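In: Using only what follows, build the 3D model:
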Amino acid sequence: QVQLVESGGGSVQAGGSLRLSCAASGTALSTYIMGWFRQAPGKEREFVGIITWSSTYYADSVQGRFTISRDNAKSTTYLQMNSLKVEDAAIYYCAATTRPISTRSMAYPERFEFWGQGTQVTVSP
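Out: From the prediction side, this is the model:
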């Protein structure tokens, strides 16, 4: 079983950048597909993107602005967020799964078995 801890959240002005980290412990990160989701107040948890062993996939809303990477040696996954918008403000969660993921199912939080506690991102105009 893997434990996930996010960090790197904070407050930034629109147009700025943040890099979130998700540190994993308890098992080898390399065996997991890693995902990032976010949840704004009053809204459902929303897919941001995933990274498999060889590919990344992103929600249309963040494509071209956000980049997911992983360092298996450090058991850490990253979410680089550039050109942040006010609507990007949310609690960001990382998630992990060993279950098969398709481009259709990757956006569903229930496909992911393990979750971090989340880190707050605030974007001001």
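In: pLDDT score assigned to the most centrally placed residue in the chain?
Out: The geometric centre of the chain, computed from its C-alpha atoms, lies nearest to W36 (CA atoms, centre = their mean), at 2.1 Å. We have a pLDDT of 98 for W36.
In: where's the helix or strand hosting it relative to the chain centroid, distance-wise?
Out: Take DSSP states H and E as the rule and W36 turns out to sit in strand 33-39. Its chain's C-alpha centre and that of strand 33-39 lie 4 Å apart, by CA atoms, centre = their mean, to the nearest Å.
In: With stretch 20-34 instead?
Out: In terms of CA atoms, centre = their mean, the centre of stretch 20-34 is set 12 Å apart from its chain centre.
In: Does S7 touch L20 like I think?
Out: Yes: with contact defined as CB atoms under 8 Å, S7 reaches L20; the gap is 7.1 Å. Heads up, the C-betas are built off the backbone N, CA and C, glycines and all.
In: ok, those two, which is more surrounded?
Out: Using other CB atoms under 10 Å as the criterion, S7 and L20 rank with L20 on top: 24 against 13.
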